[in-house]
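> Model the following, please.
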Amino acid sequence: KRPDVDLTPRTHVLCLGNETQLHAHDGSQYQWQPAPGLNRYDIANPVAAPTDNTIYRVEVTNEFGCKSIDSAVISIVKPFKVALASETYVCYGSAVELPASGADNYEWVNNTAGLSSTTVNAPLASPLVNTLYTVVGHDKYQCFTDTARVNVEVKALPSVKTLENMELPTGSEISLLTTYSNDVVGWKWSPADY
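Okay, the predicted model is just below:
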């Protein structure tokens with residue numbers, strides 16, 4: 001009768017740098033392939049610590065010389081980098097999106113004032129003052145984290161002041177004297193009539 005290998009674990013997710021023990025059964029000889037990442041390739045229960053996704057195969061021979069082959073898939077979770085702009089700006093009273101990428105899950109920490117959510121990758125930020133926001137990214141297996149920060153500068157709204165309401169005789173003209181802040185770069189009057 002052929003050996004009943006019953007290899008465990010059949011599939012396993014492993015954080016890079018960690019290890020797991022494989023278990024094959026019902027044999028007197030064991031031959032594992034590939035050997036890299038295993039502490040031994042000729043025993044029933046080797047310790048696997050691969051650095052990349054690996055399919056380990058084991059050939060088991062029993063005392064009668066009958067052979068069976070089984071395999072296990074080890075998936076490796078590797079470190080990542082969270083990508084986030086280092087700075088951006090928003091007009092006072094408005095919102096700006098802060099898109100982060102690179103992780104599976106996100107948590108905005110420390111100063112979260114003005115954020116629409118602290119658990120999404122791209123919250124809307126509407127701070128009232130210049131604010132440094134921090135996001136921590138996690139992989140779905142909680143193996144690794146990475147942190148990124150974005151400084152949101154709040155730009156003041158332009159100020160403008162013109163004449164108070166006035167009454168004019170029909171057909172007369174007046175200059176609309178206006179004072180404004182130095183950051184004004186354009187004008188649009190309405191209505192355009194007259």
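> drop to CA atoms for contacts and neighbour counts, all remaining ones
Noted.
> Once you drop chain neighbours, what's closest to the residue positioned nearest the centre of the chain?
When C-alpha atoms, centre = their mean is applied to the chain, the residue found nearest the centroid is residue 103 (2.5 Å). Excluding its sequence neighbours, the residue lying closest to residue 103 (C-alpha to C-alpha, 6 or more residues apart in numbering) is residue 137, at 5.2 Å.
> what does residue 34 give?
Distance criterion C-alpha to C-alpha, 6+ apart; nearest residue to residue 34, sequence neighbours excluded, is residue 56 at 6.2 Å.
> What pairs with the lowest-mean-pLDDT helix or strand in the chain, parallel or antiparallel?
Among the helical and strand segments of the chain, the one scoring lowest on mean pLDDT, DSSP states H and E is strand 178-180, with a mean of 77. Neighbouring strands of strand 178-180 in its sheet, by DSSP bridges, are strand 160-162 (antiparallel).
> Next, the buried residues of the partner strand.
For strand 160-162, the neighbour count (16 or more other C-alpha atoms under 10 Å) marks no residue as buried.
> what does that strand contact?
Contact with strand 160-162 is made by 176-181, as judged by C-alpha atoms under 8 Å, 6 or more residues apart in numbering.
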